[in-house]
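Novice: please find the sequence and the predicted model below.
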Amino acid sequence: MNYQYDTLASSVRLKDVISSAENRAILHRLKNNDPCLTGLFIDESDDGYDDDIDLFQVREGDDLGWLGYFIGRNETLESLYVYYLPTNRDQVENLLFGMQRNKSIKEVECIGNGIISEGFSAMNLPHVISMSFESDCHQEYAHYFALGLRRCTSLKEYSGPVKAEIVSSLVSLPMLENIYVCKNGGMAISREECMALRELLANATEIIRLDLSQVGLGNDGLRLLAEGLACSSSLADGALNLSHNNIGDEGLQALASSLASSGKVRELNLSHNNFGDKGLEALADPLAHNRALRVLSIAANTAITKTGVKAISRSLQSRKCRLKNLQLDSINICEEGGKLLGDALSVNTSLVTLLLRCGGNDVCIGDDGLKALAAGLSRNSHLKILDLSGNTAITATGLHSLNSYFQSPSCALETLTLYRIDIGDEGAYALADTLGQNKSVKSLRFDERGITSKGWDAFLKLLCDSSSPNSIYLSNHTLRISGLRYTQARSAIRSSILGWLKMNKDCQTSNLAAKAKIMHFFPDLDMVPLFQWKLKFLPLVKSWFDTVTSNDKFAANVSRNRELSAIYKFVRGLPLLVANDFQHYLTRQVKRIRAKISELEEEERRLMQV
C-alpha cells in the first residue's frame with residue numbers, strides 16, 4: 001500500500017492536491033475534529049444537496065488519498081455516504097486504505113452504478129457496524145467487494161445484492177445480525193444466489209432478520225431457502241420478510257414444512273404473494289403448535305377465501321398458539337370470515353393486534369360480520385388493537401353491535417381504527433353511545449366523512465356532558481380521536497372537542513381530567529348537599545382539591561381559591577359545628593398540657609426523695 005501520505009502530511013499544501021476551497025474546508029474540518037461534522041457525502045455533483053449538507057464534490061485534480069488520510073484520523077465522523085467514485089483503481093485504494101484507520105465511522109452507504117471497482121479489494125473497515133450499497137454489481141466487481149467485506153468484522157447490518165461470493169463473505173462475519181437483500185440491477189434473484197442464501201441460513205448463527213422482499217423469489221427460490229431454514233440456528237427469535245415475491249401454494253407448503261421442523265422465526269411477512277387456501281391450510285397446521293411465531297402477515301393474498309380464514313381461525317384456538325400480531329388485510333374475509341374469527345377470538349388468549357383492513361376491490365366485512373366478531377371479542381380480554389379501515393360495508397348498525405364488546409368488563413381494546421369508512425352522523429351516534437362507559441379505548445381513528453355538527457355534538461357529549469358535575473365525571477376522560485384536524489376546527493363544537501381531547505391527553509390520569517372539566521363548568525361548587533353528613537365530608541372535599549394540580553401558576557391559584565371558597569361554605573353553613581369542634585380541640589389541648597404538668601411534678605418529687 002501507498003504510505004506516502006504519512007510522509008508528506010507535514011509539508012503538503014492542500015491547494016496543490018485538492019481542487020476547490022469547499023473540499024479543502026472539508027479536509028480542515030476533518031483534521032480539526034469538527035463536532036458538527038458527523039456525516040459526509042462524496043459525490044461528483046452538488047445537485048439536490050441542501051446548503052447545510054457536508055459534501056465533498058469530487059472534481060478533476062482531487063487526490064482522494066488525502067480525503068482518506070484525514071478521514072482515517074478523524075474522531076467525530078459517524079456516517080459516510082459514497083455516491084460517486086472515479087474508475088481509477090489507485091484513487092479508490094488510497095481512499096479506502098486511509099479510511100481503515102478510522103474508528104468513529106459506524107455507517108457506510110454506497111449508491112450508484114459502477115461505484116464498485118477492483119479498488120474495493122483494499123476495503124478494511126473493522127469498526128463499521130452498518131453497510132449498504134445499491135449498484136449493478138457484475139461478478140468480477142462482486143469478487144473485489146467480497147474480498148473487502150470479509151475485513152468488516154464488526155458489521156451487524158448489511159443491505160445490498162447477494163452474489164454468491166458476497167454471501168460467502170457474509171457467512172464469515174461473526175456479528176452479522178440483519179440482512180436486507182436488494183435486486184441486482186432490478187433483476188430477480190437467481191438460483192445460484194438462492195443456494196448461497198440457503199448456505200448462509202444453514203451456517204450463520206447470529207442472523208435475526210432477513211429481508212427478501214421484492215426480489216422475485218418464487219416457489220423454487222423459497223424451496224431452497226426453506227431447506228436452509230429447516231436445519232438452521234439462524235433467525236432464532238428473528239424476522240423473515242418474504243413479501244412481494246410471487247409465492248404460490250407450493251412454495252408456502254415448503255416453508256410450512258420448514259417451520260414445523262425448526263419453529264424459531266418470531267416474525268413472518270408473507271404479504272402480497274399469490275398463495276391461496278391450500279397454501280394457507282399447510283401453514284396453519286404448524287402455526288397451531290408453533291411457540292415462537294409472534295407476528296404473521298398474509299395481507300393482500302387475494303386468492304384466500306373463507307376456507308383459508310377457517311384454517312387460521314382453527315390455529316388461533318390452539319392453546320399452544322402464541323401469535324400476538326395477525327395481519328389479514330385485503331384477503332376477502334367476508335361476513336362468514338368475521339364469524340369464524342369471532343369464534344376463534346372468544347377463546348384465544350395471545351393475540352394483541354388484529355388488522356382487517358380492506359382495499360377497494362376486496363370482499364369487506366359488513367354489519368353481520370362485525371356483529372359476529374364483536375360477539376366473540378366480548379369474551380376476549382387480550383386484544384388491544386383492532387383495525388377495520390376500508391370495510392365500507394360497515395354502517396351505523398354494525399358499529400352499534402360493538403356496544404356489547406365495549407361494555408364488557410373483559411374488554412381490553414385500546415385502539416380502534418376506522419379510516420375510509422363513511423361514518424356519518426348515525427355512525428357518530430353509534431360510536432359515542434358504545435364508548436360511553438368504556439374505559440379501555442384510548443385511541444379512536446376515523447375520517448370525517450359525512451359527519452355534521454349533529455354527529456360532532458354526540459362526540460362532545462361523550463367527552464364532556466356538562467349537564468351536571470356527576471355527568472361530567474361519568475364522561476370519557478381517556479379517549480383520543482385521530483382524524484379531527486386542528487386546522488379544520490371552524491365550529492364551536494369541534495373547537496370544544498379539540499379542547500377536551502387536549503385535556504384528556506395533558507392530564508396524567510382520567511380522574512384529574514374529570515376534575516379539571518368539572519371546575520371549568522362549575523367553578524362555584526354547591527356544598528349544601530354535603531351538610532347532611534355534617535363535617536365528615538370536609539376532609540374529603542379538601543383532599544379532592546389537593547389532587548387538582550397544574551403547572552400553570554394562574555390555574556393553580558384559581559384552584560386554591562376555589563378550595564378556600566368550598567371550605568368557607570362549610571364554615572358558614574355549619575358555624576355551630578365548627579365552633580364546637582374548635583372548642584373540643586382547645587379542651588383536648590388543655591387536658592394534654594395539664595397531664596404533662598402532673599407527670600413532670602411527679603417525676604420531680606421522685607428525684608427529690610432519692
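Specialist: Now that the structure is in, tell me what you want to look at. Fair warning: this is a prediction, and the values are worked out from it, not measured in the lab. Residues are numbered from 1 along each chain as shown.
Novice: going forward, measure contacts between C-alpha atoms and count neighbours the same way
Specialist: Will do.
Novice: and the closest residue to residue 410 other than its chain neighbours, how many neighbours?
Specialist: Of all residues not flanking residue 410 in the chain, residue 381 sits nearest, at 4.8 Å (C-alpha to C-alpha, 6 or more residues apart in numbering). Counted with other C-alpha atoms under 10 Å, residues neighbouring residue 381 total 21.
Novice: got any ranges where the stretch 101-250 of the chain has weak pLDDT?
Specialist: 114, 136-139, 184-186, 232 (pLDDT under 70).
Novice: please apply the same query to the stretch 501-610 of the chain.
Specialist: Residues of the stretch 501-610 of the chain that meet the cut-off, pLDDT under 70, sit at 525-587, 589-590, 610.
Novice: that older thread, distance of the residue nearest to residue 410 from residue 442?
Specialist: Going from residue 381 to residue 442 by C-alpha to C-alpha, to the nearest Å gives 16 Å.
Novice: ok, now residue 246?
Specialist: Between residue 246 and residue 442 the computed distance is 39 Å (C-alpha to C-alpha).
Novice: now residue 499
Specialist: Distance from residue 499 to residue 442, by C-alpha to C-alpha: 16 Å.
Novice: of the two, who's got more company?
Specialist: residue 442 (18 against 14).
Novice: which residues does residue 308 contact?
Specialist: If a contact means C-alpha atoms under 8 Å, 6 or more residues apart in numbering, then residue 308 has 276, 277, 278, 280, 281 as its contacts.
Novice: okay, and it sits in which element?
Specialist: helix 306-316 (DSSP states H and E).
Novice: next helix or strand past that helix?
Specialist: strand 325-327.
Novice: return the distance of stretch 101-120 from the chain's centre.
Specialist: Put simply, stretch 101-120 sits 31 Å off its chain's centre (C-alpha atoms, centre = their mean, to the nearest Å).
Novice: stretch 220-237 too?
Specialist: Distance, centroid of stretch 220-237 to centroid of chain: 28 Å (C-alpha atoms, centre = their mean).
Novice: so for it, what gets flagged as buried?
Specialist: 220-230, 232-237 (16 or more other C-alpha atoms under 10 Å).
Novice: kindly export it (C-alpha atoms) in CSV.
Specialist: Coordinates of each C-alpha in stretch 220-237 appear next as CSV, following Å, rounded to 0.1, in the frame of the first residue of the first chain:
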residue,chain,number,x,y,z
ASP,A,220,-38.4,-22.6,-6.5
GLY,A,221,-36.4,-20.0,-4.6
LEU,A,222,-38.5,-20.4,-1.4
ARG,A,223,-38.0,-24.2,-1.5
LEU,A,224,-34.2,-23.7,-1.5
LEU,A,225,-34.5,-21.1,1.3
ALA,A,226,-36.7,-23.4,3.3
GLU,A,227,-34.1,-26.1,3.2
GLY,A,228,-31.5,-23.9,4.9
LEU,A,229,-34.1,-22.6,7.4
ALA,A,230,-35.1,-26.2,8.4
CYS,A,231,-31.5,-27.0,9.6
SER,A,232,-30.6,-23.6,10.8
SER,A,233,-29.8,-22.0,14.1
SER,A,234,-30.2,-18.6,12.3
LEU,A,235,-33.3,-16.4,12.7
ALA,A,236,-33.9,-17.8,16.2
ASP,A,237,-36.4,-15.3,17.6
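Novice: what sits up against that stretch?
Specialist: Looking at what lies outside stretch 220-237 - C-alpha under 8 Å, 6+ apart - the contacts are 191, 194-195, 197-210, 247, 251-252, 254-255, 258-259, 261-262, 264-267, 292.
Novice: among the residues you listed, which ones are in helices?
Specialist: 191, 194-195, 197-203, 251-252, 254-255, 258-259, 261 (DSSP state H).
Novice: kindly give a single ChimeraX line that selects the buried subset of those residues.
Specialist: Buried residues within those, by 16+ other C-alpha under 10 Å, are selected in ChimeraX with:
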select :194,195,197,198,199,200,201,202,203,251,252,254,255,258,259
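Novice: any idea of the mean pLDDT for stretch 332-344?
Specialist: On average, the pLDDT along stretch 332-344 is 91.
Novice: circling back: isn't the residue nearest to residue 410 right next to residue 351, touching?
Specialist: No. Between residue 381 and residue 351 no contact is recorded; they are 9.8 Å apart, counting by C-alpha atoms under 8 Å.
Novice: overlap of the contact sets of the two?
Specialist: Common contacts of residue 381 and residue 351, defined by C-alpha under 8 Å, 6+ apart, are absent altogether.
Novice: so which helix or strand takes in residue 285?
Specialist: helix 277-287.
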